[in-house]
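Peer 1: Model the structure of this input:
(chains A and B)
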Amino acid sequence: MIPEFGHYALILALCIAVIQGVLPLVGAHQGRREWLMLARPAAQTVFLLLAIAFVTLAWSFYVNDFSVLYVAEHSNSQQPVMYRLGAVWGGHEGSLLLWVFLLSTWTILVAQLSKALDEFMVARVIGVLGLVTSGLLLFVIATSNPFTRLLPAAQDGRSLNPLLQDPGLVFHPPMLYMGYVGFSVAFAFAIASLLSGRLDAAWARWSRPWTTAAWIFLTLGIALGSWWAYYELGWGGWWFWDPVENASFIPWLVGTALLHSLAVTEKRGGFKSWTVLLAITAFSLSLLGTFLVRSGVLTSVHAFATDPKRGVFILIFLCLVVGSSLALYAWRAPKSTMGGKFSLSSRETLILLGNVFLVVSAGSVLLGTLYPLLIDALHLGKISVGPPYFNSVFVPIMVPLLVLMGIGPWASWKNTDLLTVLKRLWLAGLVAIIAGISIPLIMGEFTWLASIGFVLAFWVIASGCLQIVRQAKAGKPTRSFIGMQFAHLGIAVFVIGVTMVGAYQEEKDVRMLPGETVTVGGYQIQLQGVNAVPGPNYNAMRGTFLLSKDGSSQTTLYPEKRSYFTSTMPMTEAAIDVGLTRDIYVSLGEELGDQSWAVRVYYKPFVDWIWGGCLLMALGGALAISDKRYRMKLKGKTA
Amino acid sequence: MKPRHKRALFIVAALVVIGVAALLILNALNSNIALYVTPSDVAAGKSPQGQAFRIGGMVKEGSVKRDGLTVNFVITDLAKDIPVAYTGILPDLFKEGKGAVIQGRLNPSGQFIASEVLAKHDENYMPPEAKHALEQAQKNGSAK
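Peer 2: Reported below is the predicted structural model:
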């Protein structure tokens, strides 16, 4: 009975979502106030119904209801409760339900927190979100219903893919989706303002915190995914340029451009059409990401749906969204694109230039991701575009962007003397060059690539420090200013991590007998033995490794090779000794006979700075949202 | 400067950036693409010379031989077999009788020296490239 409630709630939610999508938009157009008033209650009802559906599905997992096909396919009775609940979004159907549920969560947040906003605007925003919700709900119900019954019920379920049985699964997808879906709010604001013809600074001020919030979630989601891949996939990389990783990274790049462009629109009224276009693009790319991942056209760890019907549906939906919003854009976008006047050497110009770099880099990543699909579709053969492509295209585009990051915040709006700015920055330049020469020498090997990485990172850091000093003299800095500093510092920290790992990591694949020692990065790792250890739903071979440096033992590491009962596939669980300046990473390969094992060891200097940098960026975003000028609005709203 | 000129300048700057990026992209695409080749094509000498490429197919039953960290095995599309050598740790899902994709180069004696072995995904999954190779071989076989 319970799953039928969920199914029923889904269908009801679709009906109400159509009302939420159509009536407020028509009402706003024709000036019918009573139709506008429907927007909020409709959004609340949809949220409630989807919450019911979601809880129902989670309940079915909790009580092991294997008469539900989706539950039987992704969970079994031996699975620990945490992973049974994580399995709710461990497969295609459930993760789409999560997508829609989060969409309605954003909608309800907008509805609740925008009471001070003009009611026509709110109604339009909620209406646009309602249309998106309807489209996706239709998709869920028509092609991917998570409540489909399996009769007669299965005795026990199949297991969740062992790769996914990890705390990472519990947090990574919701976080990432929260970001993906969050761009729908920026999109809805953009469409609503195109519809009303009121593209003004107020519009930018309203959509800015929402865009930043979505960007924070996306940043954290990508970082979590990268960290998860690092320790769970067992092979020690932090980014593989996997098509699905790219699918989340492309919206991030465009979203970052959008954040900066929104700042110009809010402060100076400039770049209006550009900002609108970015908002439409960011959300379309999020949808494209969903399409790529869910349609099964990509081969990757994430691709679990291979039903062509689903792919076609999302493709049609994507074309509808992109086509109609671009048509609206062409029709209604403001004609005067430049807004407030500014000279060529001004903050506006620098931000625009940074935008160009971000968008071009997003385009290059998109091209590399879609190119194999294109070639295959044209029957020109099957190819793969690997990490070397992305590294040799993406990295050079980032170099000028990082240089700009050090200069941009110094320039003033409208007009600035770039020469004076550069004169002020001589100290930062000096620090950067010294760091670029000395750090590679300290690390023991000078390479130009590493040197450039350190120059750029320290250029951004030093420029930020000088800005803070200047700001402190001028008075109390605003939260947005501190937020920007944190976010930019995060980028620098990230660059340091990437450069260190790229240039100085050491990797060794060795055959080891108990008692043997391997040396990596100045650390000795001794294999003490490998024993069988039982787990809740698997058996493991656990290695015991003693980590020592200069003769003094530091810690013991226990990497595992697991075989899950319900799957014939073994699973590598790496053991990592985490440190501020280095990780030591050990994973077990296979047994090679006569008690010897294949073992992979890594020395990864500063690898945690990669994720630390992402955390700083997210923190910066959070600080920017909490700025006073947005809080004033909140007070206004509750009054 | 007039707004019209300014806008023109921005467009030119954007075009320059895009142009440089396009150059980088074309250059990178030229040297960093790996072609997928089926074992039958390799046996027929239709593989790229002096360049890394990928073979999709099945790991032949009973062909995996280990010698320390070096593994020798045969990849097949059930029509033709290609011997492969790989040094390092194999992914968890590498198994006899299952699909795999390998990247590397042919050495002069016709052995494929793999630099990378890809066999991710779950146990029931067949890489489309491996499936494609098997289907091609079957088609050619029945045509003869």
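
Peer 1: And the helices in the stretch 501-639 of chain A?
Peer 2: Using DSSP state H, counting those that start in this stretch, the helices of the stretch 501-639 of chain A run over residues A:608-625, A:628-638.

Peer 1: Can you give the distance of the longest one from its chain's centre?
Peer 2: When C-alpha coordinates are averaged (C-alpha atoms, centre = their mean, to the nearest Å), helix A:608-625 and its chain have centres 13 Å apart.

Peer 1: my guess is residue A:86 contacts residue A:168, does it?
Peer 2: No. Assessed by C-beta atoms under 8 Å, residue A:86 is found out of contact with residue A:168, at 9.1 Å. From N, CA and C alone the C-beta is placed, and that goes for glycine too.

Peer 1: hmm, back to that, from the helices of the stretch 501-639 of chain A, which stretch is densest packed?
Peer 2: With neighbours taken as mean count of other C-beta atoms under 10 Å in any protein chain shown, those reach their highest mean count in helix A:608-625, at a mean of 22.

Peer 1: Does anything pack onto that helix? Which helices or strands?
Peer 2: Contacting helix A:608-625 under the criterion 3 or more C-beta pairs under 8 Å, 6 or more residues apart in numbering or on different chains; DSSP states H and E are the following elements: helix A:201-232, helix A:479-504.

Peer 1: just checking, residue A:175 is part of a strand?
Peer 2: No. Checked against DSSP: H, G, I helix; E, B strand; the rest coil, residue A:175 lies outside a strand; its state is helix.

Peer 1: if we can go back for a sec, least reliable of the helices of the stretch 501-639 of chain A by average pLDDT, please.
Peer 2: Confidence, taken as mean pLDDT, is least for helix A:628-638 of these (a mean of 55).

Peer 1: Looking at the record's assignment, how would you partition chain B?
Peer 2: B:1-33, B:36-143 (automatic domain parsing).

Peer 1: so which of those is the most packed in?
Peer 2: Comparing these by mean neighbour count (mean count of other C-beta under 10 Å), domain B:36-143 comes out on top with a mean of 18.

Peer 1: Mean confidence (pLDDT) on that one, please.
Peer 2: pLDDT averaged over domain B:36-143 gives 81.

Peer 1: Break chain A into its domains for me.
Peer 2: According to automatic domain parsing, chain A comprises the domains A:1-165, A:506-606.

Peer 1: Contact partners for residue A:216?
Peer 2: By C-beta atoms under 8 Å, 6 or more residues apart in numbering or on different chains, the contact set of residue A:216 is A:179, A:618, A:621, A:622, A:625.

Peer 1: What's the separation between it and residue A:495?
Peer 2: The gap separating residue A:216 from residue A:495 is 20 Å, by C-beta to C-beta, to the nearest Å.

Peer 1: And for residue A:381?
Peer 2: Between residue A:381 and residue A:495 the computed distance is 37 Å (C-beta to C-beta).

Peer 1: Then residue A:93?
Peer 2: 39 Å.

Peer 1: Likewise for residue A:226?
Peer 2: Separation of residue A:226 from residue A:495 (C-beta to C-beta) stands at 15 Å.

Peer 1: Include distance to residue A:164 when you put the helices of the stretch 501-639 of chain A into JSON lines, please.
Peer 2: Below are the helices of the stretch 501-639 of chain A laid out as JSON lines (distance: least, C-beta to C-beta, whole Å):
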{"stretch": "helix A:608-625", "distance to residue A:164": "20"}
{"stretch": "helix A:628-638", "distance to residue A:164": "37"}
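
Peer 1: And those helices: which comes nearest residue A:290?
Peer 2: Closest approach to residue A:290 among the helices of the stretch 501-639 of chain A (C-beta to C-beta): helix A:608-625, 22.0 Å.

Peer 1: what residues does that closest one touch?
Peer 2: Helix A:608-625 is contacted from outside by A:209, A:212-213, A:215-216, A:219-220, A:222-223, A:226-227, A:238, A:479-480, A:482-498, A:500-501, A:578-580, A:583, using C-beta under 8 Å, 6+ apart.

Peer 1: give me phi/psi at the closest residue to chain B within the stretch 301-450 of chain A?
Peer 2: Nearest residue of the stretch 301-450 of chain A to chain B, counting by C-beta to the nearest C-beta: residue A:382, 3.7 Å away. Dihedral pair for residue A:382: phi -110, psi 130, per degrees, to the nearest 10.

Peer 1: follow-up on the earlier one: which of the helices of the stretch 501-639 of chain A sits closest to residue A:553?
Peer 2: Comparing the helices of the stretch 501-639 of chain A under C-beta to C-beta, the one sitting nearest is helix A:608-625, at 22.2 Å.

Peer 1: Now do the closest one against helix A:479-504, angle only.
Peer 2: Interaxial angle of helix A:608-625 relative to helix A:479-504 (axes from the mean of the first three to the mean of the last three C-alpha atoms, to 10 degrees): 170 degrees.

Peer 1: Make JSON lines out of the domains of chain B and add distance to chain A.
Peer 2: Below are the domains of chain B laid out as JSON lines (distance: least, C-beta to the nearest C-beta, whole Å):
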{"stretch": "domain B:1-33", "distance to chain A": "4"}
{"stretch": "domain B:36-143", "distance to chain A": "4"}
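
Peer 1: Minimum distance to residue A:401: which of the ones you listed has it?
Peer 2: The minimum distance between residue A:401 and those falls on domain B:1-33, with 10.4 Å, by C-beta to C-beta.

Peer 1: Where is the longest helix in chain B?
Peer 2: What stands out as the longest helix in chain B, according to DSSP state H, is helix B:3-32.

Peer 1: What ranges does the chain have for its strands?
Peer 2: Let's take chain A. A:383-385, A:506-512, A:517-520, A:523-534, A:538-549, A:552-557, A:560-564, A:570-573, A:575-577, A:582-593, A:596-605 (DSSP state E).

Peer 1: let's do chain B instead
Peer 2: B:33-37, B:53-59, B:65-67, B:70-76, B:81-87, B:99-106, B:112-118.

Peer 1: picking up where we left off before, in terms of secondary structure, what does the longest helix of chain B contact?
Peer 2: Packing partners of helix B:3-32 (3+ C-beta pairs under 8 Å, 6+ apart): helix A:347-377, helix A:387-407.

Peer 1: show me what contacts residue 62?
Peer 2: Defaulting to chain A. By C-beta under 8 Å, 6+ apart, the neighbours of residue A:62 are A:81, A:84, A:85.

Peer 1: think we crossed wires, I meant chain B
Peer 2: residue B:96.

Peer 1: Need the phi and psi values for it.
Peer 2: Torsion angles, degrees, to the nearest 10, at residue B:62: phi 80, psi 10.

Peer 1: how near is residue A:93 to residue A:3?
Peer 2: 12 Å.

Peer 1: Spell out which parts of the stretch 251-400 of chain A neighbour chain B.
Peer 2: Contact residues (C-beta under 8 Å from any C-beta of the partner chain) of the stretch 251-400 of chain A with chain B: A:299-301, A:337-338, A:341, A:343-344, A:349, A:352-353, A:356-357, A:360-361, A:363-364, A:367-368, A:371, A:381-386, A:388-389, A:392-393, A:396-397.

Peer 1: and with 6 Å instead?
Peer 2: A:299, A:301, A:338, A:356, A:360, A:364, A:382-385, A:388-389, A:392-393, A:396 (C-beta under 6 Å from any C-beta of the partner chain).

Peer 1: about what we covered before: pLDDT on the longest helix of chain B, on average?
Peer 2: Across helix B:3-32, pLDDT averages out at 78.

Peer 1: Compute the inter-axis angle for that helix and helix A:347-377.
Peer 2: Using the same axes, to 10 degrees: helix B:3-32 against helix A:347-377 is 40 degrees.

Peer 1: Off-centre distance for helix B:3-32?
Peer 2: Relative to the centre of its chain, helix B:3-32 is centred 30 Å away, using C-alpha atoms, centre = their mean.
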